[in-house]
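Asks: fold the following.
(3 chains)
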Amino acid sequence: MKSHRQELWFEIETRRAYLNITGKVQKIVDQSGIREGLCLVNAMHITASVYINDDEPGLLKDYDDFLERIAPHEPIAQYQHNQTGEDNGDAHIKRQLMGREVVVAITNGKLDFGPWEQIFYGEFDGRRPKRALVKVIGE
Amino acid sequence: MKSHRQELWFEIETRRAYLNITGKVQKIVDQSGIREGLCLVNAMHITASVYINDDEPGLLKDYDDFLERIAPHEPIAQYQHNQTGEDNGDAHIKRQLMGREVVVAITNGKLDFGPWEQIFYGEFDGRRPKRALVKVIGE
Amino acid sequence: MKSHRQELWFEIETRRAYLNITGKVQKIVDQSGIREGLCLVNAMHITASVYINDDEPGLLKDYDDFLERIAPHEPIAQYQHNQTGEDNGDAHIKRQLMGREVVVAITNGKLDFGPWEQIFYGEFDGRRPKRALVKVIGE
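Replies: Purely as a prediction, here's the structure:
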């Protein structure tokens, strides 16, 4: 069994953003030399998500609107976590709803995807350097 | 390390449905010959889920009611994604809440489950052929 | 490829609770002798979650408040599942929102985590013995 590990770093200038990282993950799978196995991609921060869905601008806006509707950023005093001096209580909830990680099958050296599957890094508390982990295992 | 890949195809006649696929997944694990490892089951479409919970009709109704309450199908104009000509903006949100995939331990050749765990395919935009991927790795 | 399996048992005295199990999972990884691979941690019950986030008491309260706001325990008659004689319809929804499982990379024998990542067992229908599964595969 082979394994390969790499980090992807982001510094997003806005509080929230949705970034298609599919090409970067496939490149890491290529570098791993692994043809059959599993690829884990996870946010290494607890106010960000890695998830799989469509790369369509209207949809990204819908996700953002939905998350703001059910776990709004303001007023920040609504979250007890923000009594620690943070203002990212909402981001910890948004991240749970969108998920921390994806596990993707590797088949014939490729991310084994249906027609519209794309991997996204979802940022809910940006404006600082943050990262995702890619771990590939297989043969 | 061995690996095995198979697709499950569905053509569900309603927009939404919740289908117990546990037996089909166990059959694929049997065919893989893998006794110890991990089994990934994921929707290959971005308006469907694979999740694990109870096979109890009242619960399936509760999930459907809950999802319609927080991300209703209508009015379809509430989702920007639907400006592309689609009417499935809600389905992309419902799928995120229920999840894309499950990873299940394989122990002694069996899906290593607690007493009530069952694997479901959750469809949120049916009435056309769609599929899930099963990838098993191990020995 | 090596694999290792162990269960963690809990008997939580309240209906809901959020328990940091990171140390227990790392100990199982140590016992496995696996240095590079993947570690699956999942609830074996369908009214409990395993998730990764911060160990900060205000945040745990925020999660609990959020989950009670969007899927309240009472009135129990609002859930069709409770017509079976159960009173845990809400717990099945809360568990879906927080997730069943996490998959964590193992690198150099350690859970490969960002600075604040901690593994939690989220209980939504406690007051009886329940368990989580840890399955480690790798080399």
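Asks: from now on I want contacts and neighbour counts done on CA atoms only, so please keep to that.
Replies: Fine.
Asks: report the buried residues of stretch A:14-34.
Replies: Under the neighbour-count criterion of 16 or more other CA atoms under 10 Å in any protein chain shown, stretch A:14-34 has A:A17, A:Y18, A:L19, A:N20, A:V25, A:Q26, A:I28, A:V29, A:S32, A:I34 buried.
Asks: can you check stretch A:64-77 too?
Replies: So, applying 16+ other CA under 10 Å, buried residues of stretch A:64-77: A:D64, A:F66, A:L67, A:A71, A:P72, A:H73, A:I76.
Asks: ok, so of those residues, who is nearest A:V134?
Replies: A:D64 (24.8 Å; CA to CA).
Asks: so the closest one, which of the three states?
Replies: The three-state assignment at A:D64 reads helix, by DSSP: H, G, I helix; E, B strand; the rest coil.
Asks: phi, psi for A:E56 please.
Replies: Per-residue torsions, A:E56: phi -130, psi 120 (degrees, to the nearest 10).
Asks: I figured it hits B:N82, correct?
Replies: No: at 10.6 Å, A:E56 does not count as touching B:N82 under the criterion of CA atoms under 8 Å.
Asks: neighbour count winner among those two?
Replies: B:N82 (17 against 11; other CA atoms under 10 Å in any protein chain shown).
Asks: distance of that one from B:G89?
Replies: To B:G89, B:N82 is 6 Å away according to CA to CA, to the nearest Å.
Asks: can you pull the residues that touch both of those two?
Replies: B:I76 (CA atoms under 8 Å, 6 or more residues apart in numbering or on different chains).
Asks: what bridges to the residue nearest to the spatial centre of chain A?
Replies: Residue closest to the mean C-alpha point of chain A, counted by CA atoms, centre = their mean, is A:V50 at 1.9 Å. Going by DSSP bridges, A:V50 is paired in beta bridges with A:Y121.
Asks: confidence score at it?
Replies: With respect to pLDDT, A:V50 has a value of 98.
Asks: which residues touch it?
Replies: A:V50 is in contact with A:41-43, A:98-102, A:119-122, A:132, counting by CA under 8 Å, 6+ apart.
Asks: which residue packs closest to A:A105, ignoring adjacent ones?
Replies: Counting by CA to CA, 6 or more residues apart in numbering or on different chains, A:A105 lies nearest to A:L38, which is 4.7 Å off, once chain neighbours are set aside.
Asks: ramachandran coordinates for the residue nearest to A:S32 when sequence neighbours are not counted?
Replies: Nearest non-adjacent residue to A:S32, counting by CA to CA, 6+ apart: A:H4, 5.5 Å away. The phi/psi pair for A:H4 (degrees, to the nearest 10) reads phi -150, psi 140.
Asks: quick one: A:H4 from chain B, how far?
Replies: According to CA to the nearest CA, to the nearest Å, A:H4 and chain B sit 16 Å apart.
Asks: doesn't A:G23 fall inside a helix?
Replies: Yes: counting by three-state DSSP, A:G23 is part of a helix.
Asks: who's in contact with it?
Replies: Contacts of A:G23 by CA under 8 Å, 6+ apart: none found.
Asks: show me where chain A has its helices.
Replies: A:22-32, A:57-70, A:89-98 (DSSP state H).
Asks: and for the shortest one, what are the contacting residues?
Replies: Surrounding helix A:89-98, the residues in contact under the criterion CA under 8 Å, 6+ apart are A:46-51, A:67, A:71-73, A:76, A:79-82, A:122, A:124-125, B:96-97, C:53, C:59, C:62-63, C:97-99.
Asks: rewinding a little: my guess is the residue nearest to A:A105 contacts A:K110. True?
Replies: No: with contact defined as CA under 8 Å, A:L38 does not count as touching A:K110 (10.4 Å).
Asks: more neighbours: which of the two?
Replies: Each of A:L38 and A:K110 has its neighbours counted (other CA under 10 Å); A:L38 has more, 29 against 17.
Asks: beta-bridge partners for the more buried one, please?
Replies: Assigned bridge partners for A:L38, using DSSP bridges, are A:A105, A:I137.
Asks: before we move on, back to that, okay, now the residue nearest to A:S32: neighbour count?
Replies: A:H4: 19 neighbours (other CA under 10 Å).
Asks: before we move on, what about A:G99?
Replies: By other CA under 10 Å, neighbour count at A:G99 equals 27.
Asks: show me what contacts it?
Replies: Applying CA under 8 Å, 6+ apart, we find A:G99 in contact with A:S49, A:V50, A:Y51, B:Q96, B:G99, C:G99.
Asks: per-residue confidence for the residue nearest to A:R131 when sequence neighbours are not counted?
Replies: In space, and not counting its chain neighbours, A:R131 is closest to A:W9: 4.3 Å by CA to CA, 6+ apart. A:W9 is assigned a predicted lDDT (pLDDT) of 98.
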